[in-house]
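Novice: Got a sequence here, can you build the structure:
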Amino acid sequence: MVVQGRKIQAAAIGFFEVGVYVTVLGKVVNSLDNPLNLLAYCLGFAAGNYVGITIENKIALGNLSAQIIPGEDTKNELLEALRANGFGVTVLVGEGLKGSREIFNVVLNRKDLRKLREIVENIDKEAFLTVNNISPIRGGYFNATKK
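Specialist: Coordinates of the predicted model:
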């Protein structure tokens, strides 16, 4: 939430997180004579990280920018499939080691990444795909089903 600039959500989660942290840490520090307390704290911290990341991945808030460099033989089929599945695709021309290549630029919701990846992998297993977190400012193409 902090990285994505979601101030209110980050503050609310942080409030409860620090409350749990101080309470549990106080109990651990007061009973350091028992190493099992320290072990339990460490395991709880690790489990909290795991569960938090899992929940955040399920919620999948935010936007991504994907760049796809398709193979010459599959670029038209891939472009049509992406657009047919509701992805806005901007095609740019880039210069690579072996000459000109088309680059597909796609801005998408994080929750749609799996769908994008499946489409790319089903049509062009050799495509080069990179994904970056972004914070869109304005405009762009997001159809009604993806909002």
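Novice: Show me where this protein has its strands.
Specialist: Ranges of strands in the chain, per DSSP state E, are 63-69, 89-96, 99-109, 128-134.
Novice: Please work out which of these is packed deepest.
Specialist: strand 63-69 (a mean of 18; mean count of other C-beta atoms under 10 Å). All C-beta spots, glycine's among them, are computed from the backbone N, C-alpha and C.
Novice: re earlier: would you mind putting the strands of the chain into CSV with mean pLDDT and distance to Val22 alongside?
Specialist: Formatted as CSV, those follow (pLDDT from 0 to 100; distance: least, C-beta to C-beta, whole Å):
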stretch, mean pLDDT, distance to Val22
strand 63-69, 94, 34
strand 89-96, 93, 49
strand 99-109, 93, 36
strand 128-134, 92, 31
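Novice: Include distance to Ala11 when you put those into CSV, please.
Specialist: Shown next, in CSV, are the strands of the chain (distance: least, C-beta to C-beta, whole Å):
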stretch, distance to Ala11
strand 63-69, 22
strand 89-96, 36
strand 99-109, 24
strand 128-134, 21
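Novice: Give me the domain ranges for the chain.
Specialist: Per automatic domain parsing, the domain ranges recorded for the chain read 7-59, 63-136.
Novice: Out of these, which gets the lowest mean score?
Specialist: Here the lowest mean pLDDT among the domains of the chain goes to domain 7-59, at a mean of 83.
Novice: Return the residues in contact with the residue nearest in space to the middle of the chain.
Specialist: Closest residue to the average C-alpha location of the chain: Arg110 at 5.2 Å, with C-alpha atoms, centre = their mean. Contacts for Arg110 (C-beta atoms under 8 Å, 6 or more residues apart in numbering) come out as 60-64.
Novice: From Gly96, how far off is it?
Specialist: To Gly96, Arg110 is 28 Å away according to C-beta to C-beta, to the nearest Å.
Novice: how about the helices in this protein?
Specialist: With helices called from DSSP state H, the chain shows them at 7-30, 35-59, 75-84, 113-123.
Novice: tell me the angle of the shortest one relative to strand 63-69?
Specialist: Okay, so that is helix 75-84. Following axes from the mean of the first three to the mean of the last three C-alpha atoms, to 10 degrees, one obtains 160 degrees for the angle between helix 75-84 and strand 63-69.
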